[in-house]
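A.B. asks: here's my sequence, what's the structure:
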Amino acid sequence: MSRDYNQELKDTKDHKYAYNFDFDVMHPFMIKSFKPFFNSRNVLELGSFKGDFTKRLMPLFDDITCVEASNEAIDKAKSELDESIKYYHDLFENVQLPEKYDNIILTHVLEHLDDPVGLMKRINDEWLTDNGRFFLVCPNANAPSRQIAVKMGLISHNTAVTPAEEEHGHRITYTLDSLERDARAGGLRVIHRSGIFFKALANFQWDRLLQTDIISDEYLEGCFQLGQQYPDLCSSIFLVCEKG
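C.D. replies: From the prediction side, this is the model:
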């Protein structure tokens, strides 16, 4: 079934594709979670969107490659980021990359794919160096904000794909166990599992709060630290993998 990736990345009438909470809170804490495991040399970002997360990789890596299915997203990234970044406008199933990578990053993308295990097989078999690391982040079906939505009757069950999510191309809503299942099925070896940021409010609620002085940097750090203790109650779940 053909998909319009430019359309899937656009906001709908009742749901944004990405929130300020994603850019201003989750992205910095993702980098903080990744840093202890990063290798040197190069990095491959799969599903780079408009380059918002790529921008945070620039101070850490001189050699950055991005693969993105939306040509509009790539054009936006090219207009704002360093010219040295290499872009491939292609599908993960088809793209041919010229080298292997010491770091491969996939954040909030796997849940969009028709064949997530197939992609992770390519990562394991073709793109990851022998000592490379794969950083995988997905939205968490068991996040408190999502469980509250179930209790409110807004979502039928934790792992449901809502109509709004489906409009944005979501195919699955992962839990830690199902995410690990698919990573192992792709041949990868999980060396670290965690969560990123304890989250009891929906993204649109966080966006409103972040415009006030109610939320301090210390509170955000507290939510991040709490998430390390309770990964199953985080906004996102996070795996570090190596070649299997």
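A.B. asks: now whatever helix or strand residue 120 lives in: mean pLDDT?
C.D. replies: Secondary structure assignment for residue 120, by DSSP states H and E: helix 116-122. Mean pLDDT, helix 116-122: 98.
A.B. asks: which helix or strand lies directly C-terminal to that helix?
C.D. replies: Trace forward from helix 116-122 with DSSP H and E and the next one is strand 128-139.
A.B. asks: elements contacting the longest helix anywhere in the chain?
C.D. replies: If each helix of the chain is counted by residues according to DSSP state H, the longest one is helix 217-229. Where contact means 3 or more Cβ pairs under 8 Å, 6 or more residues apart in numbering; DSSP states H and E, helix 217-229 is packed against helix 27-34, strand 189-198. Where you see a C-beta, it was placed from the backbone N, CA and C, and this is true even at glycine.
A.B. asks: save these as JSON lines, and put in mean neighbour count, distance to residue 154 and mean pLDDT too.
C.D. replies: Putting the helices and strands packed on helix 217-229 into JSON lines (neighbours: other Cβ atoms under 10 Å; distance: least, Cβ to Cβ, whole Å; pLDDT from 0 to 100) gives the following:
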{"stretch": "helix 27-34", "mean neighbour count": "18", "distance to residue 154": "26", "mean pLDDT": "98"}
{"stretch": "strand 189-198", "mean neighbour count": "18", "distance to residue 154": "20", "mean pLDDT": "98"}
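A.B. asks: can you put the ones you listed in JSON lines and add distance to residue 210?
C.D. replies: JSON lines is the format used below for the helices and strands packed on helix 217-229 (distance: least, Cβ to Cβ, whole Å):
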{"stretch": "helix 27-34", "distance to residue 210": "13"}
{"stretch": "strand 189-198", "distance to residue 210": "13"}
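A.B. asks: bridged to the residue nearest the centre of the chain, which residues?
C.D. replies: Centroid check for the chain by Cα atoms, centre = their mean gives residue 107 as the closest residue, at 1.7 Å. Following DSSP bridges, residue 107 is listed with bridge partners residue 137.
A.B. asks: residues contacting it?
C.D. replies: 30, 47, 53, 135-137 (Cβ atoms under 8 Å, 6 or more residues apart in numbering).
A.B. asks: check the gap between the residue of the chain most remote from its centre and residue 40 for me.
C.D. replies: Relative to the centre of the chain, the most outlying C-alpha is that of residue 213, 27.7 Å out, by Cα atoms, centre = their mean. Distance, residue 213 to residue 40, by Cβ to Cβ, to the nearest Å: 40 Å.
A.B. asks: same check on residue 114?
C.D. replies: From residue 114 to residue 40 the distance is 34 Å (Cβ to Cβ).
A.B. asks: and if you look at residue 149?
C.D. replies: Residue 149 is 41 Å from residue 40, by Cβ to Cβ.
A.B. asks: which one's more surrounded, those two?
C.D. replies: residue 149 (17 against 11; other Cβ atoms under 10 Å).
A.B. asks: that one: which element?
C.D. replies: In the assignment (DSSP H and E), residue 149 maps to helix 144-151.
A.B. asks: and the next helix or strand after that helix, what's buried?
C.D. replies: For helix 144-151, the following helix or strand on the C-terminal side (DSSP H and E) is helix 163-167. Going by neighbour count (16 or more other Cβ atoms under 10 Å), the buried part of helix 163-167 is 165, 167.
A.B. asks: quick one: low-confidence residue ranges for the chain.
C.D. replies: Low-confidence segments of the chain (pLDDT under 70): 1, 10-11, 13-15, 17.
A.B. asks: most neighbours among the contacts of residue 107, which one is it?
C.D. replies: The contacts of residue 107, ranked by neighbours (other Cβ under 10 Å): first place residue 136, 28 neighbours.
A.B. asks: and that residue, how far from residue 20?
C.D. replies: 24 Å.
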